[in-house]
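*Asks:* coords below, sequence missing:
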């Protein structure tokens with residue numbers, strides 16, 4: 001079942017306390033409907049021993065006894081960002097389509113535990129520069145880092161959201177990822193530490209162009225979903241969501257308005273001769289420096 005089918009199923013429901021089964025072919029008794037308060041709800045009926053599950057202001061969770069067993073209900077307590085709730089429903093429905101009724105409850109709880117961080121929404125929205133920068137880091141993680149080190153090690157190498165100085169580091173390898181508007185002649189370095197190291201590294205520059213929301217480019221929400229669905233292990237999904245939270249990201253439909261075309265990505269070898277500030281270069285008393293590097297000057301360091 002996909003998002004559109006889920007939306008159509010909810011649209012067919014006419015009154016409160018009304019539920020439609022997801023599919024007669026699904027092995028679990030899963031229903032979409034409206035609860036007593038008219039909130040969109042995903043419901044599972046089964047025979048299980050309930051465990052403690054904590055919801056929040058955005059997602060209300062109730063577990064009730066029925067004549068045949070128990071029900072667990074996930075109700076969305078908002079009049080916006082329905083897509084986030086639909087995605088949770090889609091994931092639970094599709095990930096349990098091979099479950100037996102005996103282990104369905106456990107799998108549903110496990111899927112919710114992976115998604116719950118997305119429902120602790122932030123009131124603040126990332127700035128446009130932060131959105132563009134996070135897209136660049138996620139693209140480099142997906143298209144480059146995973147291929148170099150694998151999913152788990154690659155994810156652990158991503159420290160961009162954390163209070164460290166390199167966006168990616170693994171062993172002696174390190175990468176600093178920057179995003180700039182296409183045709184901008186310089187790249188901004190926000191601290192000495194970003195390019196300072198005893199070992200050679202890489203400066204990665206994404207040249208990006210903001211497009212209309214209808215353009216088939218890159219935006220945060222689908223990029224996050226694609227990466228999250230690529231992990232084979234739940235622990236990796238959980239760590240990924242932790243890192244996104246540190247980057248101040250939580251799902252919002254606002255981000256769908258920020259769509260970018262990646263014109264090109266360029267890598268520069270940061271070696272001893274690369275133009276950069278280091279602490280040993282600074283006069284005594286200066287401890288913090290921000291600067292811009294002219295891309296034409298570092299052309300000779302570019303990887304072909």
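*Replies:* Looks like it arrived, so ask away. Note that this is a predicted model, so its numbers are computed, not measured.
*Asks:* So the closest residue in space to residue 31 that isn't next to it in sequence, which state does it fall into?
*Replies:* Distance criterion Cβ to Cβ, 6 or more residues apart in numbering; nearest residue to residue 31, sequence neighbours excluded, is residue 19 at 3.8 Å. (Each C-beta comes from the backbone N, C-alpha and C, glycine too.) Three-state assignment for residue 19 (DSSP: H, G, I helix; E, B strand; the rest coil): strand.
*Asks:* Give me the distance between residue 19 and residue 184.
*Replies:* Computed as Cβ to Cβ, to the nearest Å, the residue 19 to residue 184 distance reads 53 Å.
*Asks:* more neighbours, those two?
*Replies:* Per other Cβ atoms under 10 Å, whichever of residue 19 and residue 184 has more neighbours is residue 19, with 20 against 14.
*Asks:* pretty sure that one is touching residue 41, no?
*Replies:* Yes - at 7.5 Å, residue 19 and residue 41 qualify as touching, with contact defined as Cβ atoms under 8 Å.
*Asks:* okay, and the common contacts of these two?
*Replies:* 32, 33, 34 (Cβ atoms under 8 Å, 6 or more residues apart in numbering).
*Asks:* Out of these, which is nearest to residue 218?
*Replies:* residue 32 (30.6 Å; Cβ to Cβ).
*Asks:* average pLDDT for the helix or strand that closest one falls within?
*Replies:* Per DSSP states H and E, residue 32 falls inside strand 29-34. For strand 29-34, mean pLDDT is 97.
*Asks:* who's in contact with the helix or strand that it is followed by?
*Replies:* Downstream of strand 29-34, the first helix or strand assigned by DSSP H and E is strand 40-46. Outside of strand 40-46, the residues within contact range by Cβ under 8 Å, 6+ apart are 10, 19, 28-35, 66, 68-76, 82, 85, 88-89, 92, 101, 104-105, 108.
*Asks:* Across the sheet, point out what pairs with the residue nearest to residue 31.
*Replies:* For residue 19, the beta-bridge partners under DSSP bridges are residue 33.
*Asks:* From residue 273, how far out is it?
*Replies:* 68 Å.
*Asks:* name the helices or strands packed onto the strand or helix carrying residue 73?
*Replies:* Using DSSP H and E, residue 73 sits in strand 70-76. Secondary-structure packing of strand 70-76 (3 or more Cβ pairs under 8 Å, 6 or more residues apart in numbering; DSSP states H and E): strand 40-46, strand 59-65, helix 82-95, helix 104-115.
*Asks:* Good, we can wrap up now.
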